[in-house]
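**Student:** Sequence first, predicted model second:
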Amino acid sequence: MKAIYSLFLVFALILLAMIGAGTLGMEYLFGVIIPYLAVLAFVVGFMLKVIGWGKSAVPFRITSTCGQAKSFPWIKENKLENPSSTWGVIGRMFFEVFLFRSLFRNTKVEIHDGQRIAYSSSKWLWLFAILFHYTFLVIVLRHMRFFTEPVPYPFVLLDRLDGMLQIGAPVLYISSLIILAALFYLLLRRLLIPSMRYISLPSDYFPLFLIIGVVITGILMRYFLKTDIMAIKELSMGLVTFRPVTPEGIGVIFFIHLFLVSVLLFYFPISKLMHMGGVFLSPTRNMTGNTRMVRHVNPWNYPVKVHTYDAYEDEFREKMVEAGLPVVKPLEEKSENAENKE
Amino acid sequence: MYHSKKIIPGLIIFFLFMTFPFWFNIGGEAYVTPELVLPEDHENCIESVEFIRAEHMTILDQWRDAYVRDGYGLYESSLTGEMYAMSLTKTCMDCHDDKEQFCDRCHDSVSVSPYCWACHIEPEGVE
């Protein structure tokens, strides 16, 4: 049901753009106003979210690392999994951000012969996740051909590489195939594995269906329905140079695509997609494991007024001696004086 | 805010990346769709302008396959009903005889590089 709701939500969004930009002709709203608001909400929302995270203190080094911390010289330190130096942390963050090392460590549990539990490596999630993320990056960069004039060479080169199979016209992009395969793996994983299905929420399905919607409308627009690409470039260039125009002859499919992307941008800062910024703030990944070498003071500690035992005894020594309690420092002079008085 | 010396530069990098198309075009002239030099002695193309804009690459692709597999064929225009030879050089380039003034204008603007000219010889422009 959670998946169905999300799917219908995406259908509703598509219908909204179809009716709004198509039937009612609100092309300026769907082609200019909503995209501008979406970019604003995305950039500002993203930064506010990260600043909000930055304001919450991380009191202690989080030591749930996967390797031996630096200890005695005869115990081998795992410098990548539990780094004690900044360079080690940079290495660990590099592998996390660029190669998804945590996902690579993914295992699955199986029960054999009724009683025996076996853990085995499971790389499929890592494989399709990394395919999806890098393909998405390539697709975003490829789209820069609509936002620059003349198109800088790196984007041209990327476009050629993506279309190097030279199948059909317009040429088939390899990324179109890979991202579809990866997205459907990520979706089917949630739908078909019972344990995954149990813990999946609408907030897991909705971004998946939304991105699938973006990809499918893009593919339809490029290969099947087709529309006037030069008019689209005029619109997109108008947006980024703040001279917005809505040229004639742009098909509804473009406005559906653009609206879904806008919704994705709106949704981004308030959703789990914020792992884009969050990965850099992962406490178990970005802190040095040096608790055995450095004293870390809780950042919200305030100065506590302490009363040490020495000061306590100084204050109450006479009474303690009177009551026959043992004291560390007898202070014989005082006790002698007391005896003399008696 | 904690660790602002690391978080703020990170956010500045994020901001610069995400607003790339906006600052990259600062100071540039307003974008206009390239003007095409159209042949003067013809009223219409083999199909309507809208159809040609969206589908010319598909037509050429189909013509290429048809030619390579079956030899020259004829294409019936759904606009005028006239028959045209399925040929880039003999039909399209007969009117649009200057690649730089016609094909390249839009293709360059949206970074499209059709591989027509890997086999076909580029026609020389009108001197």
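**Tutor:** It's in. Numbers count the residues shown, from 1 in each chain, chains lettered A, B, ... in the order given.

**Student:** quick one: the closest residue to chain B within the stretch 1-150 of chain A and A:Ile211, what's the gap?
**Tutor:** Residue of the stretch 1-150 of chain A nearest chain B, by CB to the nearest CB: A:Phe147 (3.5 Å). (C-beta placed from N, C-alpha, C; glycine too.) According to CB to CB, to the nearest Å, A:Phe147 and A:Ile211 sit 20 Å apart.

**Student:** same deal with A:Leu80?
**Tutor:** Noted for A:Leu80: a distance of 32 Å to A:Ile211, by CB to CB.

**Student:** give me the element the residue sitting nearest the centre point of chain B is part of.
**Tutor:** Closest residue to the average C-alpha location of chain B: B:His107 at 3.5 Å, with CA atoms, centre = their mean. Using DSSP states H and E, B:His107 falls within helix B:103-109.

**Student:** tell me the mean pLDDT over stretch A:160-167?
**Tutor:** On average, the pLDDT along stretch A:160-167 is 92.

**Student:** Need the CA coordinates for that stretch. PDB is fine.
**Tutor:** Presented in PDB, the C-alpha positions along stretch A:160-167 are these (Å, rounded to 0.1, in the frame of the first residue of the first chain):
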ATOM      1  CA  ARG A 160      29.800  12.000 -26.900                       C
ATOM      2  CA  LEU A 161      31.100   9.300 -24.500                       C
ATOM      3  CA  ASP A 162      27.500   8.600 -23.200                       C
ATOM      4  CA  GLY A 163      26.300   8.300 -26.800                       C
ATOM      5  CA  MET A 164      29.300   6.400 -28.200                       C
ATOM      6  CA  LEU A 165      27.300   3.300 -29.000                       C
ATOM      7  CA  GLN A 166      25.800   5.300 -31.900                       C
ATOM      8  CA  ILE A 167      22.500   3.400 -31.800                       C
END
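
**Student:** contacts for that stretch?
**Tutor:** By CB atoms under 8 Å, 6 or more residues apart in numbering or on different chains, the residues outside stretch A:160-167 that reach it are A:Val138, A:Arg142, A:Val171, A:Leu172, A:Tyr173, A:Ile174, A:Ser175, B:Ser113, B:Tyr115.

**Student:** for chain B, which spans come out with low pLDDT?
**Tutor:** Applying pLDDT under 70 to chain B flags the ranges B:123-127.

**Student:** State the distance from B:Asn25 to chain A.
**Tutor:** Going from B:Asn25 to chain A by CB to the nearest CB, to the nearest Å gives 5 Å.

**Student:** Which stretches in chain B count as helices?
**Tutor:** With DSSP state H as the criterion, chain B has helices at B:4-18, B:20-24, B:49-70, B:93-95, B:103-109.

**Student:** Quick check: buried residues in the second one?
**Tutor:** Residues of helix B:20-24 classed as buried: B:Pro21, B:Phe24 (neighbour count, 16 or more other CB atoms under 10 Å in any protein chain shown).

**Student:** and A:Glu110, helix, strand or coil?
**Tutor:** strand (DSSP: H, G, I helix; E, B strand; the rest coil).

**Student:** Let me see the contact set for it.
**Tutor:** The contact partners of A:Glu110, taken as CB under 8 Å, 6+ apart, are A:Ile117, A:Ala118, A:Tyr119, A:Ser120.
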